[in-house]
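> Model the structure of this input:
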Amino acid sequence: MIIEELPDRKARWHEYNLVRNEPLLEYVWEVALKFDALPGNFMEETNDSFAPTTFANRYAESKLTDEERYARHKEMYNSNESFEEYTKDKYYKLDTSFKDRFLNNKDLQNTIEAFGLDVSKFWYLLLFVYDYIEDFSTNAPKPQNDTLSEFNVFNVKLEKATEIVLKKNGRKSYETDREDIMKLIKIALDYFVNSYNAIMETDCTIEKQLEQLEKLGLDNYINHRTTPIDWKQERTLDISYKKWYFAKMFLFFLENRKAKTLSHVKEKVSKDKMMFVSRLIYTVGYHGKEYNEEYDDNGNKNRMLSNLLRKYAKEKFPTIVPKYYWS
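Got it, this is the predicted structure:
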C-alpha cells in the first residue's frame, strides 16, 4: 500500500488559502475547523483555520535537516536570522515513526476501507491529530499571563511611578527618578500602544496588518495570540488526557460516517467506532496492544476507551500554550 506524498506548498502560517484546496488535507481541514477554527472577531471569514497550514509546513520540515529547514525558512520569510539564532530554540519534528504500524495493521486497514475512507487522506489526519495533541501536551510551557495583558498592568503602574529601578542577577544595575526620563519612557510606550491599537482596529487584511506590525517590531503580538513564551518552563500532561482528546477529535470525524460490509474480505471486519479509535490510539503509541484487540483473553468486549471517555465526560482539556499550533 502506497501513501500519496503531500506536496510542499511553502505557505506561511497565515497563508492558509495556499493549502485550502489540497485534496490530501481534506480530512485535516474537517477536524481543524471544528477544534482550531479562527475566532469570529479575527477576520471576516470564520470558516478557516491556521492549523492545516502549520501541519503542512511541519510535515515538509520533517524530511529536512536543520540546515535545509533553515534555508527553507529564509526563502519563505525573507529572514535575516543567522543559523545559530534560528536553531537556538529546541525544535521537535513531526513524528511519522508509526507509519509502518499504521500500514501493516490489517484489522485497522480493513476498518478504514469499510468506512469508505481514503487511506492517504486518513494517514495525514492521523499525523495531524497526533502532532496537534503532542504540541499542546508534551514539553508544554506553564501557563502565564498574556504578554499584552501583563504589559497593560506595567503601563498603568508606570503612570503612577516616581522612579525606575533595573536589576541584573538580583543586583541593582540602574535607577532614576528624573522626571524627563520617566516622561520620555511613557511617551515611547504610549506610541507603541496607540500604534498597535490603530493597526488592529483597521479593516485591512491580516497580511497588511502583519506588514504594518513588522515595521514597528510588534508582529509577535497580533491578536494577542503569538505571545513569546519561555519554553524552558516545561511540563507534560498525563497520557490519559492525550488519549481522551485524541478520541474526542476522531469520534467527531467519524460521527456522521457509517461502515459497510466488505464482501471481498473473509475475516471479520470491525465496524465499531470505539474500536476504530482504540486501534488508532495503539498505532500512535498512546497505549499498548490491549487497545488494538477487540476482545480480552476472557472473550469480553474491549471497553477500555469507553471507560476512559466516561471518566473524562465532564473534563476540559487543560489550558496550555502550544508551541507550533494556535491556542
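> Check the nearest residue to residue 8 once chain neighbours are set aside and give its pLDDT.
Excluding the flanking residues, the one nearest residue 8 by CB to CB, 6 or more residues apart in numbering is residue 60, at 4.0 Å. From N, CA and C alone the C-beta is placed, and that goes for glycine too. Here the pLDDT value assigned to residue 60 is 95.
> For residue 186, see how far away residue 60 is.
46 Å (CB to CB, to the nearest Å).
> between those two, which one's more packed in?
Between residue 60 and residue 186, counting by other CB atoms under 10 Å, residue 60 is the more crowded of the two (18 against 14).
> That one and residue 11 touch, don't they?
No - with contact defined as CB atoms under 8 Å, residue 60 does not reach residue 11; the gap is 9.7 Å.
> Shouldn't residue 266 be within a strand?
No - per DSSP: H, G, I helix; E, B strand; the rest coil, residue 266 lies outside any strand segment and is coil.
> number of nearby residues for it?
Residues contacting residue 266 under the criterion other CB under 10 Å number 7.
> circling back: what about the residue nearest to residue 8, distance to residue 274?
Distance from residue 60 to residue 274, counting by CB to CB: 34 Å.
> next one: residue 10
For residue 10 relative to residue 274 (CB to CB), the value is 39 Å.
> now do residue 246
Going from residue 246 to residue 274 by CB to CB gives 13 Å.
> Comparing these two, which residue is more hemmed in?
residue 246 (23 against 18).
> Which element, helix or strand, includes the more buried one?
Per DSSP states H and E: residue 246 is located in helix 239-254.
> Give me the mean pLDDT for that helix.
92.
> Which parts of the stretch 101-250 of the chain are strands?
140-141, 164-168, 171-176, 234-235 (DSSP state E, counting those that start in this stretch).
> Any chance of TSV for the ones you listed, columns mean pLDDT, distance to residue 68 and mean neighbour count?
Formatted as TSV, the strands of the stretch 101-250 of the chain follow (pLDDT from 0 to 100; distance: least, CB to CB, whole Å; neighbours: other CB atoms under 10 Å):
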stretch	mean pLDDT	distance to residue 68	mean neighbour count
strand 140-141	48	27	18
strand 164-168	82	38	10
strand 171-176	84	42	9
strand 234-235	52	27	12
